[in-house]
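> missing the sequence, but the structure's below:
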Ligand code: CAA
């Protein structure tokens with residue numbers, strides 16, 4: 001595997017991919033995304049019957065790495081968006097069920113990774129949202145398309161326009177989490193659910209996943225989002241929003 005911050009572990013037919021960059025709350029940079037891409041490919045090549053996705057330490061993933069992103073040009077942001085979409089597309093198209101175990105923060109790109117999985121369970125202390133607006137950008141790895149599908153248009157617009165961070169109970173009420181479990185039980189519950197999924201007939205499972213995907217097979221919105229995301233890089237609001245995060249202050253937008 002190309003990156004030390006992503007681990008793939010096996011337990012029988014269940015593969016678990018863990019993003020392990022706790023010093024940055026598992027924020028996703030180029031190396032981490034490439035590591036995830038490779039890990040997903042390895043899980044597929046190994047015929048995983050379930051792929052579990054999680055983060056190490058106190059976060060699921062705090063989103064795309066803002067320190068990396070802040071100075072990108074539009075062309076660089078285009079490539080960056082493609083890389084992130086490559087990971088979320090791979091998760092969505094993974095031939096077996098995928099399960100996001102959201103224990104801690106899942107913001108921006110972290111929320112988008114979780115939404116690209118088939119199922120999501122959250123710990124009681126989890127927080128989740130597409131928070132990009134306060135950085136002067138929009139969700140760039142599929143969030144504008146997958147969030148409305150999960151929570152409905154009104155709630156998705158509220159979350160994206162206001163940069164809302166939902167607690168676990170609200171996320172479950174809105175349809176983002178299938179279930180919420182106490183923090184100290186989430187590992188056990190994730191293993192139990194993964195084992196239950198892995199025991200189901202794999203051909204039928206793959207067919208069910210493929211058939212459900214047909215309901216959402218129009219990729220026009222995802223391509224639109226890629227262009228809109230990249231086009232925001234270099235604008236005064238994007239530069240200000242990300243500088244404010246790095247300098248630990250409130251942004252002042254035009
Ligand atoms: N990128 C880079 N570094 C990040 C990061 C991110 N997304 N999130 C956290 N970190 C870093 C912090 O800079 C800090 O590093 P230092 O110790 O070197 O200063 C470290 O992780 C710990 O973070 P905090 O000190 O901020 O921890 P906290 O507990 O006070 O706050 C938090 C946690 C609420 C998650 C806060 O860090 C935060 O708001 N992070 C940004 C979340 C965000 O906006 N994510 C969306 C990114 S944009 C995106 O993802 C675009 C897309 O669609 C592709």
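Received it, and whenever you're ready, just let me know what you need. Given the structure is predicted, the values throughout are model-derived calculations rather than measurements.
> flag every residue of the stretch 1-150 of the chain that's near the ligand.
24-25, 27, 62-67, 84, 105, 107-109, 112, 131-132, 135, 139-141, 143 (CB under 6 Å from any ligand atom). C-beta: built from backbone N, CA, C; applies to glycine.
> these in strands, which ones?
Assigned to strands by DSSP state E, the following of these qualify: 105, 107.
> give the contact list for the residue most central in space within the chain.
Nearest to the mean C-alpha position of the chain, by CA atoms, centre = their mean, lies residue 113 at 1.5 Å. For residue 113, the residues meeting the contact criterion (CB atoms under 8 Å, 6 or more residues apart in numbering) are 28, 36, 53, 60, 61, 87, 88, 91, 100, 106, 141.
> swap in 6 Å and give it another go.
With contacts taken as CB atoms under 6 Å, 6 or more residues apart in numbering, residue 113 has the following neighbours: residue 61.
> just the buried ones among the residues of the stretch 1-150 of the chain next to the ligand, please.
24-25, 27, 62-66, 84, 105, 107-109, 112, 131-132, 135, 139-141, 143 (16 or more other CB atoms under 10 Å).
> state the distance from the residue nearest to the centre of the chain to residue 132.
Noted for residue 113: a distance of 14 Å to residue 132, by CB to CB, to the nearest Å.
> that's a strand at residue 9, yeah?
Yes. Remark: residue 9 belongs to a strand, assigned using DSSP: H, G, I helix; E, B strand; the rest coil.
> for the closest residue to it other than its chain neighbours, helix, strand, or coil?
Distances taken as CB to CB, 6 or more residues apart in numbering place residue 16 nearest to residue 9, at 4.9 Å, with adjacent residues excluded. Three states are possible here, and by three-state DSSP the one that applies to residue 16 is strand.
> residue 16 touches residue 10, doesn't it?
No. No contact is recorded between residue 16 and residue 10 when judged using CB atoms under 6 Å, the distance being 7.7 Å.
> those two: who's more crowded?
Neighbour count, other CB atoms under 10 Å: between residue 16 and residue 10, residue 16 has more, with 22 against 12.
> what's the per-residue pLDDT of the more buried one here?
pLDDT, the model's per-residue confidence, is 98 for residue 16.
> for it, name its beta-bridge partners.
Taking DSSP bridges, one finds residue 9, residue 52 as the beta-bridge partners of residue 16.
> please tell me how far it sits from the ligand.
23 Å (CB to the nearest ligand atom, to the nearest Å).
> could you check which residue of the stretch 151-254 of the chain lies nearest the ligand?
In the stretch 151-254 of the chain, the residue found nearest to the ligand is residue 245; the distance is 6.3 Å by CB to the nearest ligand atom.
> contacting residues for that residue?
Applying CB under 6 Å, 6+ apart, the residues contacting residue 245 are residue 66.
> in stretch 206-218, what's buried?
Going by 16+ other CB under 10 Å, stretch 206-218 has these buried residues: residue 209.
> would you map the helices across the chain?
Using DSSP state H, the helices found in the chain span residues 30-45, 66-69, 74-93, 109-116, 143-151, 153-162, 168-174, 186-198, 202-213, 220-231, 236-246.
> next, the angle helix 74-93 makes with the fifth one.
Relative orientation of helix 143-151 versus helix 74-93 (axes from the mean of the first three to the mean of the last three CA atoms, to 10 degrees): 30 degrees.
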